[in-house]
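# Following is a predicted model, sequence given first.
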Amino acid sequence: MSTIFSQIVAGEIPARVVYEDERTIAFLDANPLSPGHTLVIPKDEYERLNDVPDDVASDLYATIHRLVPAVEEAVDADATTVAFNNGEEAGQEVPHVHCHIIPRFEGDGGGPIHAIAGETPDLGDDELDEIAADIESNA
Ligand code: AMP
């Protein structure tokens, strides 16, 4: 079954499309967290960032890179929070990779990315070294 975003790509449901190229498309979020809240997606359906092939990842980043200043300028934002909910446990509701570009304004009452975590861990040097080594060997 195709995701709601694939239906947007196919033109089956309406969206306020702000940019489109061969492999990516960007449109306004239907429930904006701020004016100009935009989603950037690969047209093909991949559930998580981990599933996106390298060449599509490059195109996706290029579109994000292009859209961030375009969005900021359009709504006269002071800044943007740019983020992916990557997986259900991280809050991803639509199983089709999407980048949120959320315009931010001085005094908007929102928080930084750091505000998303629950209880933060108290990790010792050995644990940090082990984690860093594991990530390095997987990269
Ligand atoms: P996430 O929680 O990261 O999966 O975010 C999904 C986002 O998609 C939410 O911010 C929704 O408001 C947005 N959304 C869901 N359906 C639509 C739609 N038809 N058009 C535009 N945005 C949508």
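Arrived safely, thanks for sending. Residues are numbered from 1 along each chain as shown.
# C-alpha only now, for contacts and for neighbours.
Will do.
# what's across from the residue most central in space within the chain in the sheet?
Per Cα atoms, centre = their mean, the C-alpha nearest to the average position across the chain is that of Cys99, at 1.9 Å. As for beta bridges, Cys99 partners with Val40 under DSSP bridges.
# ok, which stretches of this protein are strands?
Ranges of strands within the chain are 17-20, 24-28, 38-42, 79-83, 99-104, based on DSSP state E.
# average model confidence for the shortest one?
Strand 17-20 comes out with an average pLDDT of 98.
# what's that strand packed up against?
Helices and strands touching strand 17-20, by 3 or more Cα pairs under 8 Å, 6 or more residues apart in numbering; DSSP states H and E, are strand 24-28.
# Sheet partners, orientation included, of the strand it packs on?
When DSSP bridges is applied, strand 24-28 pairs with strand 17-20 (antiparallel), strand 38-42 (antiparallel).
# Determine how far the longest one lies from the middle of the whole chain.
Translated: strand 38-42. On the basis of Cα atoms, centre = their mean, to the nearest Å, strand 38-42 sits 7 Å off its chain's mean C-alpha point.
# try stretch 33-52
Relative to the centre of its chain, stretch 33-52 is centred 5 Å away, using Cα atoms, centre = their mean.
# That stretch: which residues count as buried?
For stretch 33-52, the neighbour count (16 or more other Cα atoms under 10 Å) marks 34-43, 45-49, 52 as buried.
# Just confirm yes or no for that stretch near the ligand.
No. Judged by Cα under 6 Å from any ligand atom, stretch 33-52 and the ligand are separated, with a smallest distance of 7.2 Å.
# So which of the strands of the chain is the most surrounded?
Mean neighbour count, computed with mean count of other Cα atoms under 10 Å, is highest for strand 38-42 among the strands of the chain, reaching a mean of 27.
# same question for it, mean pLDDT?
Here strand 38-42 scores 98 as its mean pLDDT.
# neighbouring contacts of it?
For strand 38-42, the surrounding residues in contact (Cα atoms under 8 Å, 6 or more residues apart in numbering) are 23-29, 32, 56, 60, 63-64, 71, 96-102.
# show me which of those residues neighbour the ligand.
The subset of the contacts of strand 38-42 within reach of the ligand, by Cα under 6 Å from any ligand atom, is 28-29.
# Cheers, nothing more for now.
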